[in-house]
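Student: here's my sequence, what's the structure:
(chains A and B)
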Amino acid sequence: MSRKKIILFSLGISLALLVIIEAVAIVAALPRAAAEPPLPPDLARGKTGAASLEADIASLQKKIQALYPRGNFIVVDSARNVLLLKKNSEVIRQAVVSCGSGSVLEEPGGGRKWIFDTPRGAFQVESKLLNPTWVKPDWAFIEEGKKPPEKREERMESGVLGDYALGFGEGFFIHGTLYTRLLGRSVTHGCIRVGDADLKAIYEAASIGAKIFIF
Amino acid sequence: MRKPAALACLGFLLAAPALGQKPPSPALRDRFLREDLALAKTSSLYFVLQLKSRTMSLRAGGLTLREWTVAGLRAWGAQQPFEPLAIEKKSTLFPPKRSEIIPTPEEGAETAPAEKAAKKEKKEKQKTQVPELEALELKDMPSRFILFLSDGTRVYLRPRAQKFLARVASFGHSLSWYSWVPLKRLWFRLRKKPFSAIDLKLQSAEDCRSIYWSLAEGAKGLIFPL
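Tutor: Presented below is the predicted three-dimensional model:
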């Protein structure tokens, strides 16, 4: 056999082998028909009929609905910087807001590190403040290249959070802003900044305990 | 005579897929609601991918916060288990990068003359230009990425191709989907490691970016054939 024929023969064999392997892989990877989940233990032990299953489904649906917020609640879309004040499925008010910038600040000398994201998940209004004063946290001083003061009084700054603030835990607030032209952009250190008129409406509508969903 | 018969045949063919689609079994719905309830009781966001109704939703407390329509769906491998799956990793070619804030030294602090000049120049620039925000925003998120789930499932997300180059990329993706992914699955199977893949085509690039934004690593979710 000539050298050329040997090469062609080897190539043919390799190609055939590749086709066979690919075919086997495709057949093996084909999605299987959906299997049925096993019955829940409490139903499997007792009565099994379709009626009991349907009753269980209705009960589960009720339990999920019971978790839905009652009264006014807030939904914040941090990707689009939009806040919705809702009651049931109805939108009462829509506001353009500013959420966390996602920037990172590291304390010089390799100390602490902050990531300025708006937290996501389900929260609730924990506090409502009128004419709030900002107690500047350490990062606010470090960002300005200053040393954080030890005295609390030296951290107080009034007039920067607007007329109202709604706290939803771990130092995060829905509050006003002096930088209204930046509403709609992600610029904050994690809090949610709202324009004056919208903030007033939100403050009046959301009571302590009102749910806040942030995504 | 032929016309009505042809029309009847056509009608049957059009209706056949709908007739063939069985409603989900009560056992499946029951299991889904149980898992949904368990996740709804936590304070975290979770995702729900419903394969038959072709929707992906983001939920918290049982409430649907956002829903995306899946324009195209295909899968390889075993069905996902009927339990919450966690996102172990989000993988993309160009992951978004967070900008780092450089602390500005206190006024009056000792600075080198060159540094002072640079600062002055920067300030002058800021006066004349609209400041460029160093923030991570929706537009910075990738529109093509893979979610690695805890059960070995990989969810490939990409937008529907509209422009020429996007169509070429989509063709390349399909080629890889039908040749490379089954081979990869075979390789995983030989090593007795779980592997299955779901390919989701979303309506727009913004939908994909929103999903990337909303789903953090560690978030849980459900994939159900509902």
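
Student: hey, let's count contacts and neighbours off CA atoms from now on
Tutor: Fine.

Student: now residue B:170: closest residue in space that isn't a chain neighbour?
Tutor: residue B:161 (6.5 Å; Cα to Cα, 6 or more residues apart in numbering or on different chains).

Student: what about the top helix by length along chain A, near chain B?
Tutor: Across chain A, the helix with the greatest residue count (assigned by DSSP state H) is helix A:3-29. Yes. Contact of helix A:3-29 with chain B (Cα under 8 Å from any Cα of the partner chain) involves A:21-22, A:25-26, A:28-29.

Student: in stretch B:92-106, what's buried?
Tutor: Within stretch B:92-106, the residues scored as buried using 16 or more other Cα atoms under 10 Å in any protein chain shown are B:98-99, B:103.

Student: contact partners of it?
Tutor: A:102-106, A:142-146, B:134-136, B:140-142, B:144-146 (Cα atoms under 8 Å, 6 or more residues apart in numbering or on different chains).

Student: remind me which residues of the chain are low pLDDT?
Tutor: All of this is about chain A. For chain A, applying pLDDT under 70 flags the ranges A:1, A:33-34, A:42-49.

Student: wait, chain B was what I had in mind.
Tutor: B:1-21, B:105-132.

Student: measure residue A:195 to chain B for me?
Tutor: For residue A:195, the distance to chain B equals 19 Å [Cα to the nearest Cα, to the nearest Å].

Student: neighbours around that residue, how many?
Tutor: 20 (other Cα atoms under 10 Å in any protein chain shown).

Student: for the longest strand along chain B, list the C-alpha coordinates in PDB.
Tutor: Longest strand of chain B, by residue count under DSSP state E: strand B:63-76. Included here for strand B:63-76 are C-alpha records, laid out as PDB according to Å, rounded to 0.1, in the frame of the first residue of the first chain:
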ATOM      1  CA  LEU B  63     -44.400  37.300  44.600                       C
ATOM      2  CA  THR B  64     -43.300  37.400  41.000                       C
ATOM      3  CA  LEU B  65     -41.100  40.500  40.700                       C
ATOM      4  CA  ARG B  66     -40.100  40.100  37.000                       C
ATOM      5  CA  GLU B  67     -40.900  37.600  34.300                       C
ATOM      6  CA  TRP B  68     -39.100  37.000  31.100                       C
ATOM      7  CA  THR B  69     -40.500  35.100  28.100                       C
ATOM      8  CA  VAL B  70     -38.200  32.400  26.700                       C
ATOM      9  CA  ALA B  71     -38.100  32.600  22.900                       C
ATOM     10  CA  GLY B  72     -36.300  29.400  22.300                       C
ATOM     11  CA  LEU B  73     -35.400  26.400  24.500                       C
ATOM     12  CA  ARG B  74     -33.500  23.200  24.000                       C
ATOM     13  CA  ALA B  75     -31.900  20.700  26.300                       C
ATOM     14  CA  TRP B  76     -29.500  17.800  26.600                       C
END
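
Student: now check that strand, is it near chain A?
Tutor: Yes. Contact between strand B:63-76 and chain A, assessed by Cα under 8 Å from any Cα, occurs at B:63, B:65, B:75-76.

Student: parallel or antiparallel, which strands does that strand pair with?
Tutor: Strands flanking strand B:63-76 in the sheet, each with its direction: strand B:55-60 (antiparallel), strand B:196-202 (antiparallel) (DSSP bridges).

Student: ranges for the strands of chain A?
Tutor: Under DSSP E, chain A gives strands at A:72-77, A:82-87, A:90-98, A:104-106, A:113-115, A:121-124, A:127-130, A:133-135, A:156-158, A:164-167, A:173-175, A:192-194, A:211-214.

Student: and of those, who's closest to residue A:57?
Tutor: strand A:121-124 (24.9 Å; Cα to Cα).

Student: same list, the strands paired with strand B:63-76, but as TSV with mean neighbour count please.
Tutor: Shown next, in TSV, are those (neighbours: other Cα atoms under 10 Å in any protein chain shown):
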stretch	mean neighbour count
strand B:55-60	21
strand B:196-202	23
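
Student: tabulate the ones you listed in JSON lines, adding columns for distance to residue A:76.
Tutor: Output for the strands paired with strand B:63-76, formatted as JSON lines (distance: least, Cα to Cα, whole Å):
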{"stretch": "strand B:55-60", "distance to residue A:76": "12"}
{"stretch": "strand B:196-202", "distance to residue A:76": "23"}
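
Student: are stretch B:31-40 and chain A in contact anywhere?
Tutor: Yes. Judged by Cα under 8 Å from any Cα, stretch B:31-40 comes into contact with chain A through B:31, B:33-34, B:37, B:40.

Student: columns neighbour count and distance to residue A:51 on top of these, output as JSON lines?
Tutor: Shown next, in JSON lines, are these (neighbours: other Cα atoms under 10 Å in any protein chain shown; distance: Cα to Cα, whole Å):
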{"residue": "B:31", "neighbour count": "21", "distance to residue A:51": "15"}
{"residue": "B:33", "neighbour count": "22", "distance to residue A:51": "16"}
{"residue": "B:34", "neighbour count": "20", "distance to residue A:51": "17"}
{"residue": "B:37", "neighbour count": "19", "distance to residue A:51": "21"}
{"residue": "B:40", "neighbour count": "23", "distance to residue A:51": "25"}
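
Student: ok, these vs residue A:69, which is closest?
Tutor: Nearest to residue A:69 among the residues of stretch B:31-40 next to chain A is residue B:40, at 12.0 Å by Cα to Cα.

Student: what's the nearest residue to the closest one if we skip its chain neighbours?
Tutor: Residue B:40 sits nearest to residue B:61 (Cα to Cα, 6+ apart), 4.1 Å away.
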